[in-house]
Every structure is written in C-alpha cells, then in structure tokens.
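K.L.:
return atomic coordinates for the entry below.
(chains A and B)
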Amino acid sequence: MSEVIVVTSGKGGVGKTTTTANVGTGLAMLNKKVVLIDTDIGLRNLDVVMGLENRIVYNLVDVVKGNCRAKQAMIKDKRYPNLFLLPCAQAGDKNSVSPEEMKKLTDELREEFDYIILDCPAGIEQGFKNAIAGADRAIVVTMPEVSAIRDADRIIGLLEANEKKRADLVVNRIRMDMVKRGEMMSIDDVVEILAIDLIGAVPDDENIVIATNNGEPLVGQDSLAGQAYMNICKRILGEEVPLLDLNKKQGLFSKLFKRS
Amino acid sequence: MSIFDVFKKKPSGNVAKDRLKLLLVSDRANCSPEVMELIKNDIINVIKKYMEIDCEGLDIQITQTESESTNGAVPALIANIPIKEVKHNADNQ
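P.N.:
Next up is the predicted model:
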C-alpha cells in the first residue's frame, strides 16, 4: 500500500528540503520505490540538495498542465534506481497549480510508488494548500527555537482543520551543548509544547552542510545526523527504533565520568 | 555574561518554553491584541461602577487552566485587577 507524505514546517529554513531528501533517499535504501516532489514553485531547491539539478527537462507544472507525462518529468536518482525526483518549475508562482490538480497527480503516482514525499514550501498560503491536498500524513519539521515552534503549532492546527489524520514531529538542528547549558529547549520541551508524536530528532551537524555542498544526502552514513535520518525512515515503515543518543559526540572520558 | 549572572538569570531555554506556552494558548484561541484591548476596556468600565481600580496595573491574558469537567487543559481568561478603593455607596443607577 502506498503512502503520500507531506514534509512541512510553516517557517522557512528549518530543514524541510533536507529532511525530504534524506527521508526519501533512506526509504529508497530500504528498498522502497520512492518519488520526491518539490512543490516550492518559483524557489525550487530539492534538485540541488539531491545533486540532480543538471538533469531537469520537464517539471511539476508541465505534468499538471499536460505538457508531458509524469514519467518524462521524473528524474532517476544517481545512486538508487528506485528513487525519483519530480522537480518543480522555477518560473511561475504557487497559483500555477491547484490543490485538486495536486491530489489527482499524487493519486496517479500511488499506482507506481510505495512512497510519494512532497516537499512543502514555507508559509500557509496556496503552496501549502497544494502540497497537503493529496497527503495521507504529514511530517512537521521544527527547531528548538521560539519562532519555528510557533509556526509549527500553526501548521499543526491547519493540518487538523484539513483533516490530516496523522502528523509526526521532527525536531531538527538540536545543539546538545546548548541544551545541556539550559540555553536551548530540549526535545522533551518541544514535544510537550506541540503535543504531537515525535518521529525523530536530528542534531545540528556540520555534515549536513557538507552533504548539501556535494549534492548527496547523508542518510545512513556514520554521522549522527545520518543515523538520525535513517531511524526516521525505519519509524515511517513502522519499526520501533529507540531515540538516538545525541550526546555520543562527547569523548570517552566524559562518558565514564558521567557514569560514575 | 559574568559569573554572577549565572545565579540570578533563568536559563534562556526555560524562558523560551514559558513564553511559548503562553503565546500558543492565545494563538490557538485566535484572540488578537486588538480584541484583548477591547475586552480590557469593557472590563474596566463594568468594574469602575463598583470600585476604584488601578487601570494602569490591570493585566488580562488568555492562559491555560485545568478543567474539572473535561479532564484537561482549557484556555482561560485571567484578569489581574488591582483595586484602589471599594465604593461603599455604590451609586444606584
């Protein structure tokens, strides 16, 4: 059975695109057939994060308007043959497609893919409405920071109002050193405030920047963020995976010290 | 930050959490500052009839309270109204 998942956040810059790229790639690594759809018309970015920017011929608007078939617009990933990207148009705006057209498209794609993952634009306007139209469930990405959490709360309210039955939380860009000093809200704080299920916690990891520079998602790699993203993928598949210990980075000495 | 600040300052993580908790309750109740101001003025006008109050010190906010009937947190309008003097001979209008 296939599932349509929208990755959303309200606020920009919290890691929607990075999360979409990594979760999509991770699910493909776990042998699922996946298509990622960039719905941020006018500000496309998922293509560069995936390192597929040079292969774009057609885009989402072309498919919706019938200028080409979905198959022609989808780009096969460099590493995983069961992973595809449907890029969005760089020209035009969010009104170029309607929620009805998006729902029709995602429903068509269900026949071929196990997971259809939509990268939602920031904001709560037309672009958001388009992205959530056909989704079964949502992943809400936020950061332990007041404005990101406030926007996430608004998004959760809107998802409920649109009868999206399930929304899970990803707390991104956590800095454990700051949490320890009490200068950043903890994962528990954020979950308590937003009151939805947590599906993953990702540390603020410089490897993310490096991975984006190279256009290769880091999911599954040895870094903390890479492991955190793989755990999210497994949880999406219904596996019970304990939360990653984000303190791992600290040296052996301090660990021994803490234990005693 | 000097070393003495450590003792008097609340960690900013807790400040953020407390601020958000309050903020989200009023966000969720969808009550704009303009509406709050109108409510505040109306409350002042009603109470003024019976007692002299400190209008400057009056503070109203929407926050959360435990409900006995629904077993959960519900939004509540909390008003803190400092009384200067109770009018004993409330004018019979």
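K.L.:
rest of the way, CA atoms for contacts and neighbours
P.N.:
OK.
K.L.:
give me the neighbour count for A:Ala91.
P.N.:
For A:Ala91, the count of nearby residues is 12 (other CA atoms under 10 Å in any protein chain shown).
K.L.:
from chain A, how far out is the residue lying closest to B:Val86 once chain neighbours are set aside?
P.N.:
Leaving aside its chain neighbours, B:Val86 sits nearest to B:Met51 (4.4 Å; criterion: CA to CA, 6 or more residues apart in numbering or on different chains). Applying CA to the nearest CA, to the nearest Å, the value for B:Met51 to chain A is 39 Å.
K.L.:
tell me which residues touch B:Met51, please.
P.N.:
B:Ile83, B:Lys84, B:Glu85, B:Val86, B:Lys87, B:Ala90 (CA atoms under 8 Å, 6 or more residues apart in numbering or on different chains).
K.L.:
if you set the cut-off to 6 Å instead, what comes out?
P.N.:
B:Glu85, B:Val86, B:Lys87 (CA atoms under 6 Å, 6 or more residues apart in numbering or on different chains).
K.L.:
which pLDDT value goes with it?
P.N.:
Model confidence at B:Met51, given as pLDDT, is 89.
K.L.:
now it: how far from B:Asn41?
P.N.:
15 Å (CA to CA, to the nearest Å).
K.L.:
A:Met1 too?
P.N.:
In terms of CA to CA, A:Met1 sits 57 Å off from B:Asn41.
K.L.:
who has more neighbours out of those two?
P.N.:
Between A:Met1 and B:Asn41, counting by other CA under 10 Å, B:Asn41 is the more crowded of the two (12 against 7).
K.L.:
could you look up the SS state of the more buried one?
P.N.:
Assigned by DSSP: H, G, I helix; E, B strand; the rest coil, the conformation of B:Asn41 is helix.
K.L.:
ok, A:Leu243 next?
P.N.:
Going by three-state DSSP: A:Leu243 is coil.
K.L.:
what about it, neighbour count?
P.N.:
Neighbours around A:Leu243, by other CA under 10 Å: 13.
K.L.:
got it, and A:Asp77?
P.N.:
A:Asp77: 18 neighbours (other CA under 10 Å).
K.L.:
what sits against it?
P.N.:
A:Asp77 neighbours (CA under 6 Å, 6+ apart): A:Leu83, A:Phe84.
K.L.:
and it, how far from A:Leu52?
P.N.:
Where A:Leu52 is concerned, A:Asp77 sits at a distance of 7 Å (CA to CA).
K.L.:
next one: B:Leu23
P.N.:
41 Å.
K.L.:
please apply the same query to A:Asp62.
P.N.:
18 Å.
K.L.:
now do A:Gly157
P.N.:
From A:Gly157 to A:Leu52 the distance is 34 Å (CA to CA).
K.L.:
neighbour count for those two, which is higher?
P.N.:
A:Leu52 (18 against 13).
K.L.:
tell me how far the more buried one lies from chain B.
P.N.:
From A:Leu52 to chain B the distance is 39 Å (CA to the nearest CA).
K.L.:
and what of A:Glu183?
P.N.:
4 Å.
K.L.:
can you tell me which helix or strand A:Glu84 belongs to?
P.N.:
Check again: residue A:84 is Phe, not Glu. Using DSSP states H and E, A:Phe84 sits within strand A:83-86.
K.L.:
just for the chain, where's the confidence low?
P.N.:
Using chain A here. Residues of chain A meeting the criterion pLDDT under 70: A:249-260.
K.L.:
that was the other one, I meant chain B.
P.N.:
B:1-8, B:70-73, B:89-93.
K.L.:
so where do the strands sit in it?
P.N.:
B:51-53, B:59-67, B:72-80, B:83-86 (DSSP state E).
K.L.:
hmm, who's touching the longest helix seen in chain B?
P.N.:
Longest helix in chain B by number of residues (criterion: DSSP state H): helix B:12-29. Residues outside helix B:12-29 that contact it (CA under 6 Å, 6+ apart): A:Gly182, A:Glu183, A:Met184, A:Met185, B:Ile62, B:Thr63.
K.L.:
repeat that with 8 Å
P.N.:
A:145-146, A:149-150, A:153-154, A:179, A:182-186, A:189, A:193, B:62-64, B:75.
K.L.:
can I get the CA coordinates of the strand holding A:Phe84 in CSV?
P.N.:
Extracted in CSV, the C-alpha atoms of strand A:83-86 (Å, rounded to 0.1, in the frame of the first residue of the first chain):
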residue,chain,number,x,y,z
LEU,A,83,14.3,6.8,-6.3
PHE,A,84,12.9,9.5,-8.4
LEU,A,85,12.6,13.3,-8.3
LEU,A,86,9.8,15.4,-9.8
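K.L.:
pull the distance from that strand to the chain's centre.
P.N.:
14 Å (CA atoms, centre = their mean, to the nearest Å).
K.L.:
residues of whatever helix or strand comes next after that strand that come out buried?
P.N.:
Sequence-wise, the next helix or strand downstream of strand A:83-86 (DSSP H and E) is helix A:99-109. Neighbour-count burial for helix A:99-109 flags A:Pro99, A:Glu101, A:Met102, A:Lys103, A:Leu105, A:Thr106, A:Asp107, A:Leu109 (criterion: 16 or more other CA atoms under 10 Å in any protein chain shown).
K.L.:
and which of the residues you listed is nearest chain B?
P.N.:
A:Pro99 (25.3 Å; CA to the nearest CA).
K.L.:
list the contacts of that closest one.
P.N.:
A:Pro99 touches A:Lys129, A:Asn130, A:Ala131, A:Ile132, A:Ala133, A:Gly134, counting by CA under 8 Å, 6+ apart.
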